[in-house]
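[1] Sequence and predicted structure below; questions after.
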Amino acid sequence: MTQPTTTPRQSYPAEWLVLIPKIEALQTDLKTSEALGKNWSDKDFCEGFTGFSGNTWYQLRAGSYPLPKTVAARSRLTQQLHDLFEHAKGLLRTRDDQAVRDRAKQAATQFIETPEYTAVRSAILAANAKAAYHSEERLVIFVAPTRGGKTYLRSKLQQEGVVTWHVQATPCWESSYMAMLRSLAAALKINQQFRSAEQAETEVLTRLKSQTGVMAVEEMQLLSRRGKALLKTILNETTITILLLITPQYHRHMLRSGGPDLAQLLARSEMTINAGQVTPALVRAFAPKLWTHAKDDSPLLRNIATEANELGAMSCVARVTRMLKALQTQSGHLPNQADVDAALDAYRRAVPALDANAPVTPLRRKAA
């Protein structure tokens, strides 16, 4: 009597029978999304993977790869399948990272060159020119409300190469000068084997003295006294231009009660640029095709501009525009007053109101 033939798959360990479908699902995900411009054949999928070839993976998927005869060989292949699973997850992360970069690139190409952007860019170039004759007036200040486009503007300038380095203060900067120095060192790509703040400060200043460029600093209100003094020292002892991105509240604090450290820093200012009001024309510029039926004095555009100036500025316009574009895609009609009101209401419910006129009370902490 003829015995039934056993296929290789029937002899696979249970662990393989779980891993192989999981890996195959990730490969299908890559293929379906046409990630990174590849068709994700087995050869594509295993490219850069050192465990085994695409042909071996094909046989494992098909269940035709012969089970290794020794325990050691089977264990080695089990580990290779685990490694392939991690390799596949890494490919998905690469795909997702690329998608983020593509969206950022697309946003950059859609950047709206406001008068403030032009003014900040021109001020930076003017400050850079002063480095040739050792002028300390190389501080540029951009004042805009929360969600008013400070980060968006800085990102655009950095993509253009106008801004060289960027650091964003974090809460620990208020009480730790070393935290600020480490962030600066990271931006400057300095090895951070520091034994003391003095050593870190020396290395940061030494690196900056050998460089030319622009350092953008966000969340200035979180700097300690020593941190503010360091910015002044950078302007004194290097040719670096500093771009500060701050809110109107903190700018008022700097002018009225910032103390001698901030007063000396502001004395080195090339120019202070204040973000202007959002206008109906600016609302249109975010999506011209969405407003072909509306003039600049239309209540549709005026209402969005008014709401943006009361709450959210550029961020408000961007988010409301995205909602209206999505609605237009679904419905096929251009926005009417009811659509605008609904989008603004959704924005109000999502974003809490801020009191732009509230005074800034600095925390009473001892500087490190």
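    Arrived safely, thanks for sending. Numbers count the residues shown, from 1 in each chain.

[2] hey, where'd the strands end up in the protein?
    Under the criterion DSSP state E, strands of the chain are mapped to 139-143, 165-168, 214-218, 241-246, 269-274.

[3] Make CSV out of these and add mean neighbour count and mean pLDDT.
    Where C-beta positions appear, they are placed from N, C-alpha and C, glycine not excepted. Formatted as CSV, the strands of the chain follow (neighbours: other C-beta atoms under 10 Å; pLDDT from 0 to 100):
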stretch, mean neighbour count, mean pLDDT
strand 139-143, 24, 93
strand 165-168, 17, 93
strand 214-218, 22, 94
strand 241-246, 25, 94
strand 269-274, 18, 90
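
[4] Using PDB, write out the CA atom coordinates for stretch 31-51.
    Coordinates of each C-alpha in stretch 31-51 appear next as PDB, following Å, rounded to 0.1, in the frame of the first residue of the first chain:
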ATOM      1  CA  LYS A  31       3.700  45.600  -2.100                       C
ATOM      2  CA  THR A  32       0.200  47.000  -1.700                       C
ATOM      3  CA  SER A  33       1.500  50.500  -0.800                       C
ATOM      4  CA  GLU A  34       4.100  50.400  -3.600                       C
ATOM      5  CA  ALA A  35       6.600  51.500  -0.900                       C
ATOM      6  CA  LEU A  36       9.800  53.200  -1.800                       C
ATOM      7  CA  GLY A  37       9.100  52.700  -5.500                       C
ATOM      8  CA  LYS A  38       9.600  48.900  -5.500                       C
ATOM      9  CA  ASN A  39       7.300  46.100  -6.500                       C
ATOM     10  CA  TRP A  40       8.500  44.000  -3.500                       C
ATOM     11  CA  SER A  41       9.300  40.700  -5.100                       C
ATOM     12  CA  ASP A  42      11.000  38.200  -2.900                       C
ATOM     13  CA  LYS A  43      14.300  39.500  -4.200                       C
ATOM     14  CA  ASP A  44      13.400  43.100  -3.300                       C
ATOM     15  CA  PHE A  45      12.100  42.000   0.100                       C
ATOM     16  CA  CYS A  46      15.400  40.200   1.000                       C
ATOM     17  CA  GLU A  47      17.700  42.800  -0.400                       C
ATOM     18  CA  GLY A  48      20.000  43.900   2.400                       C
ATOM     19  CA  PHE A  49      19.000  41.000   4.500                       C
ATOM     20  CA  THR A  50      22.000  38.700   5.300                       C
ATOM     21  CA  GLY A  51      20.100  35.700   6.600                       C
END
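
[5] Residues contacting it, please?
    With contacts defined as C-beta atoms under 8 Å, 6 or more residues apart in numbering, stretch 31-51 is touched by 27, 30, 52-58, 61, 80-81, 83-84, 87-88, 91-92, 94-95, 98.

[6] What subset of those residues is buried?
    The neighbour count (16 or more other C-beta atoms under 10 Å) marks 27, 30, 52, 56-58, 61, 80-81, 84, 87-88, 91, 95 as buried among the contacts of stretch 31-51.

[7] Can you name the two of those that sit furthest apart?
    Thr56 and Arg95 (23.5 Å; C-beta to C-beta).

[8] if I look at the closest residue to Asn336 other than its chain neighbours, how far off is Ala285?
    Leaving aside its sequence neighbours, Asn336 sits nearest to Leu300 (C-beta to C-beta, 6 or more residues apart in numbering; 7.6 Å). Distance, Leu300 to Ala285, using C-beta to C-beta, to the nearest Å: 14 Å.
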